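**Student:** Show me the folded form of this:
(chains A and B)
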Amino acid sequence: GENVEQHPSTLSVQEGDSAVIKCTYSDSASNYFPWYKQELGKGPQLIIDIRSNVGEKKDQRIAVTLNKTAKHFSLHITETQPEDSAVYFCAASEGGSSGSARQLTFGSGTQLTVLP
Amino acid sequence: SAVISQKPSRDICQRGTSLTIQCQVDSQVTMMFWYRQQPGQSLTLIATANQGSEATYESGFVIDKFPISRPNLTFSTLTVSNMSPEDSSIYLCSVELSGNEQFFGPGTRLTVL
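**Tutor:** You can find the predicted model right below:
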């Protein structure tokens, strides 16, 4: 089955700096890679995702890159703000047609702290 | 996206008892999932619940311990049976919308004494 590794486990940055979180996956059949932000006491929130047919996707201060050959993908947050502080999870799945099981395999999480 | 609610939001239960967690979504969805998140850990899939069929359980999870119902396209329940302190976790439901995107509920925080 799929195995997703995530690094670092903790990351502290100064407000305004950039943060990068990296994940690797093992199953070459995986083609969907979402990122979730989980604030304390809340459920995970989907913040951005990327599919295997693109190499990069950006949404305001957040970007995700994918290297299919190396089987790794990364989350980039620019101009970090204190409200970006949370646990971030990467995940991978083999997206399929409607009706088929598409379970997500999650990374271990990164606790991001943005220092004011 | 979807608006997903879970009940209860948290509970403290005695060893040996059972708790049923409800998950309600504001639109009809085919795929619903139940996850467990142990303290400080990542998410682990318990089972996939499709309406009209039996839930599909992941390795390490069995129906007798975690029975699931899926009576319609907007609702599901997960029961944690014969609880022990090791069952203390956050239990999360999620739904899959178009494009494989999964959205999560707020979670149910369970403490077993």
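**Student:** Spell out which residues of chain B are next to chain A.
**Tutor:** Contact residues, chain B versus chain A (CB under 8 Å from any CB of the partner chain): B:1, B:4, B:30-31, B:33, B:41-45, B:48, B:56, B:58, B:92, B:96, B:99-107. In this view, the C-beta of every residue, glycine as well, is placed from N, C-alpha and C.
**Student:** Buried ones among these?
**Tutor:** Applying 16 or more other CB atoms under 10 Å in any protein chain shown to those, the neighbour count classes B:4, B:31, B:33, B:42-43, B:45, B:48, B:58, B:92, B:96, B:100-107 as buried.
**Student:** Which members of these are positioned in strands?
**Tutor:** Of those, the ones assigned to strands by DSSP state E are B:4, B:31, B:33, B:43, B:45, B:48, B:92, B:96, B:102-104.
**Student:** and B:Thr79, what does it touch?
**Tutor:** Contact partners of B:Thr79, counting by CB atoms under 8 Å, 6 or more residues apart in numbering or on different chains, are B:18-21, B:66-68.
**Student:** A:Gly55 now?
**Tutor:** Taking CB under 8 Å, 6+ apart as the test, what A:Gly55 contacts is A:65-67.
**Student:** okay, now B:Leu97: neighbour count?
**Tutor:** The burial count assigned to B:Leu97 is 16, neighbours taken as other CB atoms under 10 Å in any protein chain shown.
**Student:** So it is in contact with B:Ser1, correct?
**Tutor:** Yes: counting by CB atoms under 8 Å, B:Leu97 touches B:Ser1, with 7.3 Å between them.
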